[in-house]
Structures are given as C-alpha cells and as structure tokens.
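Engineer: give me coordinates for this.
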Amino acid sequence: MNKLKFLKINGLKFVTVVLLCALTTCTLMLSKGSTLFIVSQIQTSVEPKFAKHCFDEFCDERLEAGPVKVEENASSSWMWTLLIALIFPDVLSFVQSGFMMFTLGRSRPNISCIFITLFSKIAQTIGTCILFFIALPELSATEGAIVTASLGWFPGVLKCFIDAGKKRIWIDVFAVLCQFGTLILWVALRSHHSQIWSLPIGLFLSSLGWWAAWLPQTDADDTNGPCGVFKKMRDLSKKTEVNRKEKHCLNLIVSLCKIITALTFCFASSELRNILPKYEMKASYEKTFQTVTMPGQPGFGIPLNETLDVLNMVCIPNNLPTATTTRLEKLQIKINGESVRAGVNVAYPDEDDCTAYWKRDCSYFPPNFPYPSLNYVICPKGEGFGSNISDFVCINLGTCCKPLNETDCGSRTKYTGSCLNMDSVERSFKFPNDSSEFRNESGDFIWSLVLEEKATIIYPIVALAIQISSTYLAYWLCYFACQSQVQRECFAIPISLSQILLLVMLLFMCREFSADPCSYKGYFPSGIFFNCNERTFKSFFEHNWMFILVSLSQAWITIQIWFPKSEKLAQDIFVDSFYESLLIEQSMIFRLFQNKKKDKKDKEAMKEAGALPRVIGCATMWHETKQEMELLLHSVMDMNEDPQDNFTWKQRIFFDDAFEDNGCVNEYVLQLFEAMHRVHQKRKIVEPPTPILKDTSYGGSITWQLHNTKGHDGTKVVCHLKDKNKVRKKKRWS
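Structural biologist: Take a look at the predicted model:
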C-alpha cells in the first residue's frame, strides 16, 4: 500500500513538473515572439516599410501590386503598443509600492542607495529604448532573437571579480571577451544598418541594470580581493541594502523615473527623426491596399469607338419623342434570339474573367446628352457573371452576378477567390470616352484600373494583450518554480530551451513566408508579419556564427541557475520588483540571486524568536467514521515528514459534542485514539506518541507530539474537546 502510494505521489509530481516546464517554455517563447512581432511593425524612417501581401490563387496573373497606403497613426499605434508593453511592469511596481507604503508606512532609504539604483535603472531603460525603438526594427526577427544574448557583459565582469583567484577565472574572462566581441561584430557585420550606432550602445546600456544580484550578500568571505575589489563590492552591497519599508519607497521612486524616462525617450526620438507626425494613441488603424489590374480588351463585338461616334450611335435613350419611332424600328438588335431596342442596358461577359463583365449603360445620361457609356463591373467576392453570352434581363433584375458554384464560366477563367473586389456589392468602372486613355501611340490596348481595399487593423491591441499576459504569466511561473525547489527543471531548462526553440521557429516561418506570402494568411493579416530575410537555415548560421559564441558565454555567466540556492517558500528570489518585459529571459537569469548563501544560524535564531511563518492546520470532527479520521491523520503525518526549515506547522482538531451525559468522552473520541494508533502502525512507527489529556474551561484537550523527522521536533497535534454542558448548545465554537 505504501509503495503504491509512493508511486502515485511521485508520478503526480513528475507530471506536474513536466507540465510546468512546458508551460513556462511556451509562455517565454510567446512573450519574446510577440515582442519581436511588434518591433517588426515599427517604422524607423519616413519611407514606408516594404511588406509582402497575400493574394488569392491566380491573383499574381491578373494583378500588379501597387503601393500600400497606411494612415499616419499606424506606426504610432505600434510604437504606443511597444511603449505600453515596456512600462507595464513599472506601472505595476508603482501601484504595488504605493499601496504598501500607504498601509505599512513610509521609510526613505539612504541617498547613496537611491542614486546608485536610479543611475543604473535609467541607463538600462535608455538602452532598452534604443535597442527596441531604433536598432531592432531594421533587423530581421531572427537576428533580433539572437541579439539579446549579448546583454551579459556587465554581469560577466562582476562574475570575474567574484571568481578572482579561482581556477575557472580564465573561462569567465573568455565569456566576457565573447560578450564584448559581439558588440563589435554586430557593427562590422551589419554595416547596412542606417542607425548602426544604436546596436552597441543599446546593448551596452541595457546591461548596466543587472548588478545587484551579483554583489556579495554576506560577510562570509572576508578577503579583500585584488585591489580591494571584494571589500568595495561588499561596501556597495551594504549601501544598497534596504528593509521592507525602504524597499517599497525605493521601488516607487525607481519605477516612476523609469516610466518618465521611457516616455521622454520615445517622444524625443520620434520628434528628432520625424517619423511620427501625430502621437495619437489608437488601438487600431486603417491600411489601404492599392492594386492595379489590366482587364482584357472588350470583346463580343463591342465597338471601342462606340462612345465617340455620335452620328452612328447605337445606344438610344428610352425617352425619345414618338416622332423617332421609325428610327427606333431601324435600330432593333437581337440578343439571345429576341429583338430588343438598342436603348436597353446590355451586359456582356468578359472573355478572360468569369468574375467580371462589361455593361453598356444608357439610362443614367440626360436626353440632351445621349452618349452611351461602357462600364467594367467586378462582381463581389465569391460571385461571377452568370452567362457566357450577352444578357439584358439581369441588368434590371440585378442578377448579373451569381454565386460561383451556380455560374457556368465556360472558357472564361474562374477565380475561386476574388482579389479585386472583397466587398459584398459590385464595383463599377467607367470605360474612357477618349481612345487615347485606353490605347498607346502604337494602338495597343493598355487600359488599367487602380483598386483600393481598406482594412481596419486591430492587431496592435491584440499583440499587446498577448505580450503583457504571456510575460506576466512567465514571470510568475519562473518565480513559482524557484520557490517550489524545481528551479533546475522548470526554470533553467525552459529559459535555455525557449531561446533556441523560438529561433528555429522563426527561421522556419520566415522560410515559408518568403516562398509563399499566403502560407499564414489564416493567422496574420496581409502585409503584417515578422521582419524576414531570404536566408536558409545554413546561410543564417553562416552569417550569424557569433550567436553560438555569445550563447555559450551567456550560459557560462549564468551557470548558477542550474545550482539552486533559493530555499523553499523563499520571498527574495529575484532582485528588484517585477521584471523587464521586453527582455524577459535576461531579466530572469540576471536578476536571480547568484551569491546567496544559506545561513543556518540565522534560520535557527528566527525559529527561536518565532519570526518564521506559522502555518496552523484546522479540522472539525463530530460523528466521523474511522476511515475519515484515518485519512485526516495520514495527511497530518505527511505534513510532519515534510521539511519545515522556513515555516512552523501545527495541527488543531475541534471536536464537537465530545462528552456523554456522565462526563466521559464518547465513542467517537475513543475512535480517534484508535485511528491515531492504527495510522502509526501502517507507517511502521514502533513507538506511537503518548497522548496528554488536560481539562479545560470548554471541556478538555488531547495533545500528541509526533515523532521527529527531517530536522524538526515533530508536529504538535492538539484536539480540543467540546462539552455541551460547559459551552452553550448549538453554539458554533469551532
């Protein structure tokens, strides 16, 4: 039985760890992927970005893609989206710190602590803004995914000082040289970048904010180190130490300054580069797609000079005087075997396109100016001209366009999805009266149409929601993993895997999109996708080979994430409050306490002083069965076997109506004694605890002191017995 229970518990733990690892990996990938998607839409110059658009099947044969007109607030929408994502954690920190200061009171940290923290955090905010608003928009998404691995130079330098005198110092130095080397290599290998200075400057400044986690946390090492570096680092660590109240005050000041810095940089940069004429904050914007198509020459005997020849006109208005009847009789034409007056509107099929037709229109011109008109009509999406021959009845009935599955296209090309008209109504274009507008000097037919499609893009608000929610969830999952002592399985592994998996996914998606812009049309709107280049997997790594070096150097600098030092239920796992939303992976690994040392003496002192958190389990009993009592006591025994280094655990049982009328305990209390004895027998504990009985003002109490286990004195289980003669009947005292 115990073996089966052991397998069940460990099997459940294994499944939980696997699910937590998978969920953390997915949220980290989604966070960084959504960030790169937003960055890919930002315009860094006055000229609009080139974007590939998706057209339906056969569209490439009939369309010549024109420019895409985007409203001025389009880039503004995406920049506001990125800016909100950047400052969101600081807004949370500001609100949380303000609330805690209001409830706990205000206590200001020393000036040196405020100055040092503000300097590093403002520098980091400026670097992050330079990196994401100026540098990364001109790089591909795959390059953006690997650039952030070059942010570990400052923690690497601090690690060199910490490891000075150790054998592994040469590996630390090599890792730092790789980090610095990539700052130079990015400049050398990306000379086409119009703002190439922004890459090294952004990477350099962004790394300055991650220093607090790399300072010595105790005075265990009393060595001064080379040139007294260790002593200076310990002094700096002491200057920046704050208590709980001071921490909230510091976070309030820092978060407010970071928000102001980010807003100022965004507006100043946009104004200097003149890329945002307006600063409208909109959740959506309109994009206009211009497309050029060249219909075939009108066929079926339609004379092109018909609209020019007044003397030989063949389109007569219907409201001519009766005196012209003789003339009208001479102008009868036959359509589909029936004699029809020439004044009736007639529809002719387009010989090349089943989704469009020619319409001769006579009813919209005044009698004094009876020039006939010829119009080219495009049917709505999913419809086509329903006849292979001329038709005059459908004009008046409005049935010229029918669903394609009900249309006989004959020899005409049948386009399954209209890329000319995406509306639900017909679109009509008047054929020019002057032949110079539809023929060139050589007499060739050159008439073309300029089509426009307007689309409302709501993706900025959608991308922002995905970025904020996934980043927030990823942070708390990482926090929970470290707090639950599964740091290696559910923090270190996801952090390492997510960066590689995202890079491979982006390379695959960009390869598919470059080959076919419609490959992701069900997931992304036309013209909105990641910044992609035309490189294959092999060519990408040939041009970005330094990614391997910088990734290995980052892995070595943060190797401590594979050796957990956080204790169970610890609160101070990460330095500072919350996270850097645009750099979530680096924010986690560089803010994790690296030099934290467990101090058992402090833990014992806190335990003796009663400063550890106290957890009290409460249960009520009345007429429970023996099995129910045993189940409760098994849970109590499980908690007793759990390490209690960071909290104290006690169990209280409140027993209602525990006495008979003669003052003796009832059968259910005796049953509890038997259950306690039986539980110890099942767990093969030779000496069950001796119960201590005591009279109380409300009846009595029974105390069991469970056996010692895993470094603590054993759980104290106290059962309070209610006597209805001493406590008013039906009084809920438990």
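Engineer: could you find the closest non-adjacent residue to residue 529?
Structural biologist: Leaving aside its sequence neighbours, residue 529 sits nearest to residue 513 (Cβ to Cβ, 6 or more residues apart in numbering; 5.8 Å). From N, CA and C alone the C-beta is placed, and that goes for glycine too.
Engineer: thought the one you found was touching residue 528?
Structural biologist: No - using Cβ atoms under 8 Å, residue 513 is not in contact with residue 528, being 11.2 Å away.
Engineer: what sits against the residue nearest to residue 529?
Structural biologist: 52, 519, 520, 529, 530, 532 (Cβ atoms under 8 Å, 6 or more residues apart in numbering).
Engineer: any chance of those residues in CSV, plus pLDDT, neighbour count and secondary structure?
Structural biologist: Shown next, in CSV, are those (pLDDT from 0 to 100; neighbours: other Cβ atoms under 10 Å; DSSP: H, G, I helix; E, B strand; the rest coil):
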residue, pLDDT, neighbour count, secondary structure
52, 68, 14, coil
519, 83, 16, coil
520, 84, 15, coil
529, 86, 23, coil
530, 89, 21, coil
532, 85, 19, coil
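Engineer: most widely separated two among the residues you listed?
Structural biologist: Using Cβ to Cβ, the contacts of residue 513 reach their maximum pairwise distance at 519 and 530, which is 12.5 Å.
Engineer: hang on, the earlier thing: save the contacts of residue 513 as JSON lines, and put in distance to residue 13 too.
Structural biologist: As requested, the contacts of residue 513 are exported to JSON lines (distance: Cβ to Cβ, whole Å):
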{"residue": "52", "distance to residue 13": "48"}
{"residue": "519", "distance to residue 13": "41"}
{"residue": "520", "distance to residue 13": "39"}
{"residue": "529", "distance to residue 13": "41"}
{"residue": "530", "distance to residue 13": "38"}
{"residue": "532", "distance to residue 13": "42"}
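Engineer: is residue 704 in a bridge, and if so with what?
Structural biologist: Residues in a beta bridge with residue 704, per DSSP bridges, are residue 717.
Engineer: low pLDDT regions in the stretch 301-450 of the chain?
Structural biologist: Across the stretch 301-450 of the chain, the ranges flagged by pLDDT under 70 are 301-344, 362-372, 415-423.
Engineer: what bridges to residue 655?
Structural biologist: Counting by DSSP bridges, residue 655 is bridged to residue 621, residue 721.
Engineer: all helices for the stretch 601-734 of the chain, in order.
Structural biologist: Using DSSP state H, counting those that start in this stretch, the helices of the stretch 601-734 of the chain run over residues 626-640, 667-682.
Engineer: any chance of those helices in CSV, plus distance to residue 355?
Structural biologist: As requested, the helices of the stretch 601-734 of the chain are exported to CSV (distance: least, Cβ to Cβ, whole Å):
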stretch, distance to residue 355
helix 626-640, 71
helix 667-682, 79
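Engineer: redo those helices as TSV? Include mean pLDDT and mean neighbour count.
Structural biologist: Listed next are the helices of the stretch 601-734 of the chain as TSV, based on pLDDT from 0 to 100; neighbours: other Cβ atoms under 10 Å:
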stretch	mean pLDDT	mean neighbour count
helix 626-640	90	17
helix 667-682	92	16
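Engineer: quick one on the thing from earlier: between the contacts of residue 513, which sits nearest residue 474?
Structural biologist: Checking these against residue 474 by Cβ to Cβ gives residue 530 as the nearest, at 19.9 Å.
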